[in-house]
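Undergrad: I'll drop the sequence and a predicted model, then ask my questions.
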Amino acid sequence: MSPPVAPPGWSRWLVPPAALSVHLAIGQAYAWSVFKPPLESALGLSGTQSALPFQLGIVMLGLSAAFGGTLVERNGPRWAMTVALVCFSSGFLIASLGAATEQYWLIVLGYGFVGGTGLGIGYISPVSTLIKWFPDRPGMATGIAIMGFGGGALIASPWSARMLESYGSDSTGIALAFLVHGLTYAVFMSLGVLLVRVPRGERPAAAGPSAVDGVQVTARSAMRTPQFWCLWVVLCTNVTAGIGILEKAAPMITDFFADSSTPVSVSAAAGFVALLSAANMAGRIGWSSTSDLIGRKNIYRVYLGVGALMYALIAWFGDSSKPLFIVCALVILSFYGGGFATIPAYLKDLFGAHQVGAIHGRLLTAWSTAGVLGPLIVNWIADRQEDAGKHGASLYGLSFLIMIGLLLVGLVANEFVRPVHTRHHIPAPREAADAEREQSESA
């Protein structure tokens, strides 16, 4: 499948909607917490077990993005979006079969492994193309698209909750909900497949400076630089902190205020997940656009430093005030989303646009690691605390302190990011020709 080239006069503003149609669909992953309580009840699972499909999905996201990044660069966004559509929708259909037959392993295989592969390929599918269309505003461009991934749960969370109310929260109802998800998302993602285009040549019309001007580093060389690994730590710690709340959002807010005079209902908890999704989505476009003005390093100082402060407020005062808990969680999730949307532009600044999609894919292995760490820390500690007879907010105190420590580690790693040494740069064509001529003359 050859990449579709934009005809003369094609507006670059048609590319972000194509990216959004894919990212809004795969962003359903952030609504997984809505399915956790029904699955635990219907299949007799623990909190740690019910998190496994989501965790595996995030692991496969990072792995498929890392191994598929070069293929995406080579084959283009339409190929990548098609692969994402097939894998993501098929994952729901397999999970539906698993729920209907009460075979938990099929849910893990479908949603986690197959669907997670679609997550990774779909996530990176438009990034390189958007940066080439918008080299003058890379933070804004990637923020628009990746905003959809954060906003997917804003649609999926209430939609999933409504289906579970209508179909029932037993295994049959869960299976029907998975089936509807798979079929609907297949249709929705096909819009992006049909609409996406790549620019003609290296300089798209009205897009400002060429996407290939300046520093250029290959994906293989980028992985040999300390900058890549510092950003890996930055992304991993920021994602771990955000995903720790997001994956367990619905049961977490219920636990925090279970003993208060106004406990949180199931529908209100689903609404809280939707609010987190809105913050996640707003942060992706708002903070990433801000990074075009104040710089990538400065915006990550905000994500990590202020994020640690928000976690501290929740840990010490969160159970005494619902507004405080909700506001702090919303700020953390806005930083979480902003971190994802800003990282492609950070990579472009450091390594250039030559293979930014492949470099981005490799960096997303940090997301795979965080996808295991975040839910594991929060769920495992909560399960152990519950076994010890604790309840409510005390289930999460230790895990929140760990998150604060991780964010501070990321803050330090961000300070070590410096411009990439020239030995890693690809020589410009003129420089390479001059060097070759000098060598021949000296010979």
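TA: In hand now; what should we look at? The shown structure was predicted, so the numbers you read here are calculated from the model rather than taken from an experiment.
Undergrad: got a list of what Val302 touches?
TA: Counting by C-beta atoms under 8 Å, 6 or more residues apart in numbering, Val302 makes contact with Trp287, Phe335. To be clear about C-beta, it is placed using only N, CA and C from the backbone, and glycine gets the same treatment.
Undergrad: Distance check, it against Phe335.
TA: Applying C-beta to C-beta, to the nearest Å, one obtains 7 Å for the distance of Val302 from Phe335.
Undergrad: do Thr184 as well
TA: When distances are taken as C-beta to C-beta, Thr184 and Phe335 turn out to be 30 Å apart.
Undergrad: okay, those two: which has more neighbours?
TA: Neighbours were tallied for Thr184 and for Phe335 using other C-beta atoms under 10 Å; the higher tally belongs to Phe335 (28 against 15).
Undergrad: Please enumerate the helices of the stretch 301-443 of the chain.
TA: Listed from the start of the chain, the stretch 301-443 of the chain has helices (DSSP state H, counting those that start in this stretch) covering 307-317, 322-351, 356-363, 365-387, 397-415, 429-442.
Undergrad: just the ones you listed: most buried one?
TA: When the helices of the stretch 301-443 of the chain are scored by mean count of other C-beta atoms under 10 Å, the highest mean neighbour count falls to helix 356-363 (a mean of 28).
Undergrad: Could you tell me which residues touch both of Val302 and Phe335?
TA: Contacts common to Val302 and Phe335, judged by C-beta under 8 Å, 6+ apart, are Trp287.
Undergrad: between the helices of the stretch 301-443 of the chain, which one is nearest to Ser33?
TA: Between Ser33 and the helices of the stretch 301-443 of the chain, the tightest spacing by C-beta to C-beta is seen for helix 365-387, at 9.8 Å.
Undergrad: In the stretch 301-443 of the chain, where is pLDDT below threshold?
TA: Along the stretch 301-443 of the chain, the parts satisfying pLDDT under 70 run over 428-443.
Undergrad: Next, count neighbours for Ala279.
TA: Counted with other C-beta under 10 Å, the burial measure for Ala279 works out to 26 neighbours.
Undergrad: Ala31 reaches Ser157, doesn't it?
TA: Yes. Distance between Ala31 and Ser157: 4.2 Å, which falls inside the contact criterion (C-beta atoms under 8 Å).
Undergrad: intersection of neighbour lists for the two?
TA: Counting by C-beta under 8 Å, 6+ apart, the shared contacts of Ala31 and Ser157 are Val273, Ser277.
Undergrad: who touches the most centrally placed residue in the chain in this structure?
TA: With distances taken as C-alpha atoms, centre = their mean, the residue of the chain nearest its centroid is Phe340 (5.9 Å). Residues counted as contacts of Phe340 (C-beta under 8 Å, 6+ apart) are Ile146, Phe149, Gly150, Leu235, Val239, Arg284.
Undergrad: Repeat that for Ser368.
TA: Contacts for Ser368 were tallied using C-beta under 8 Å, 6+ apart; they are Ile58, Val59, Met60, Leu61, Gly62, Leu63.
Undergrad: which one of those residues is nearest Asn414?
TA: Sorting those by how near they are to Asn414, with C-beta to C-beta, puts Gly62 at the top with 20.0 Å.
Undergrad: and the closest one, how many residues sit next to it?
TA: When counting by other C-beta under 10 Å, one arrives at 27 neighbours for Gly62.
Undergrad: correct me, but it touches Leu119?
TA: No. Gly62 is beyond contact range of Leu119, at 9.2 Å (criterion: C-beta under 8 Å).
Undergrad: Output the helices of the stretch 301-443 of the chain in TSV; the columns should cover distance to Pro199.
TA: Written out in TSV, the entries for the helices of the stretch 301-443 of the chain read as follows (distance: least, C-beta to C-beta, whole Å):
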stretch	distance to Pro199
helix 307-317	36
helix 322-351	15
helix 356-363	14
helix 365-387	28
helix 397-415	32
helix 429-442	19
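Undergrad: closest to Phe134 out of those?
TA: Distance to Phe134, taken as C-beta to C-beta, is lowest for helix 322-351 among the helices of the stretch 301-443 of the chain, at 9.9 Å.
Undergrad: these two touch, right, Leu106 and Ala100?
TA: No. Using C-beta under 8 Å, Leu106 and Ala100 do not qualify as a contacting pair, with a distance of 9.1 Å.
Undergrad: Common neighbours of these two, please.
TA: When contacts are counted by C-beta under 8 Å, 6+ apart, the set common to Leu106 and Ala100 is empty.
Undergrad: Who are the contact partners of Ile426?
TA: If you count contacts by C-beta under 8 Å, 6+ apart, Ile426 has them with Gln216, Val217, Thr218, Ser221, Gly352, His354.
Undergrad: And Ser21, by the same measure?
TA: For Ser21, the contacting residues are Gly148, Phe188, Met189, Leu191, Gly192, Leu195, by C-beta under 8 Å, 6+ apart.
Undergrad: For these, name the two members farthest from one another.
TA: Farthest pair in the contacts of Ser21 (C-beta to C-beta) is Gly148 and Leu195. Separation: 13.5 Å.
Undergrad: Could you report the pLDDT at the nearest residue to Ala84 once chain neighbours are set aside?
TA: Once its chain neighbours are removed from consideration, Ala84 has its nearest residue in Gly122; the separation is 3.0 Å (C-beta to C-beta, 6 or more residues apart in numbering). We have a pLDDT of 91 for Gly122.
Undergrad: What's the first helix or strand after the helix or strand containing Gly122?
TA: Element membership for Gly122, per DSSP states H and E: helix 115-124. Taking DSSP H and E as the definition, the helix or strand that follows helix 115-124 towards the C-terminus is helix 127-133.
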